[in-house]
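Novice: Output the structure for:
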Amino acid sequence: MALDEPAFDLAYRAHAARLRAVAYDILRDRDAAEDAVHGALVRVWSTGAYHPERGALLAFLIACVRREALDALRSIKRRRLREARAGADAPVAVDDIAAIDPIEARRVRRALDALPEPQRDVIVRAYFGHRTLAEVAADTSLPLGTVKSRLSAALRSLHTSLSEGTP
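Specialist: Predicted coordinates:
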């Protein structure tokens, strides 16, 4: 069952800036980031994919936006590769304007630094390195299940430490 439109509007107003920052960190393009946020939110609301008993809305939306942005990034890379093969590789402008609040970035950095090294490594490779969990497993020679467990534990720890600092 799809969620209602007022809830969509409320969630968008409450979380759009943070979600755009997540998408921008991956895509480095404001318009593409906005498209990724919109696409993820429409998909969540049209399918009714969010279930409150499974966790916080913001964390769920961040995961959805991140997946949408990574899919868009892969698509962009495939298109550039096709264009390069065809001899039509045009330079792409990079948006240099930072999209993340520096205070929030410091809070996240401190929370990351407090994680045990194996968990921090998985988070950094997956989120900041824009790698899939399968790629992280291959890079680290770890079983995929171990990578997933470390990521899950790291996300729980980050949620706990970042939630403590919010009013």
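Novice: what about this structure, any weak spots by pLDDT?
Specialist: Counting by pLDDT under 70, the ranges of the chain that qualify are 1-4, 86-101, 165-167.
Novice: Run through the neighbouring helices and strands of the top helix by length along it.
Specialist: When the chain is parsed with DSSP state H, its longest helix is helix 57-85. If you count contacts as 3 or more C-beta pairs under 8 Å, 6 or more residues apart in numbering; DSSP states H and E, helix 57-85 packs onto helix 5-27, helix 30-47. All C-beta atoms are positioned from the backbone trio N, CA, C, and that covers glycine.
Novice: For stretch 32-48, could you pull out the residues that count as buried?
Specialist: Going by neighbour count (16 or more other C-beta atoms under 10 Å), the buried part of stretch 32-48 is 32-41, 44-45.
Novice: Looking at those residues, spot the one nearest Phe60.
Specialist: Among those, Val44 lies closest to Phe60 (C-beta to C-beta), at 7.6 Å.
Novice: Report the separation between the closest one and Arg109.
Specialist: 28 Å (C-beta to C-beta, to the nearest Å).
Novice: Contacts only, for the most centrally placed residue in the chain.
Specialist: Central residue of the chain (C-alpha atoms, centre = their mean): Arg66, 2.7 Å from the mean position. Shown in contact with Arg66 (C-beta atoms under 8 Å, 6 or more residues apart in numbering): 22-23, 26, 127.
Novice: Compare those residues and tell me which is most surrounded.
Specialist: Neighbour counts for these peak at Ala23, which has 29 neighbours (criterion: other C-beta atoms under 10 Å).
Novice: doesn't Ala33 make contact with that residue?
Specialist: Yes - counting by C-beta atoms under 8 Å, Ala33 is a contact partner of Ala23 at 3.7 Å.
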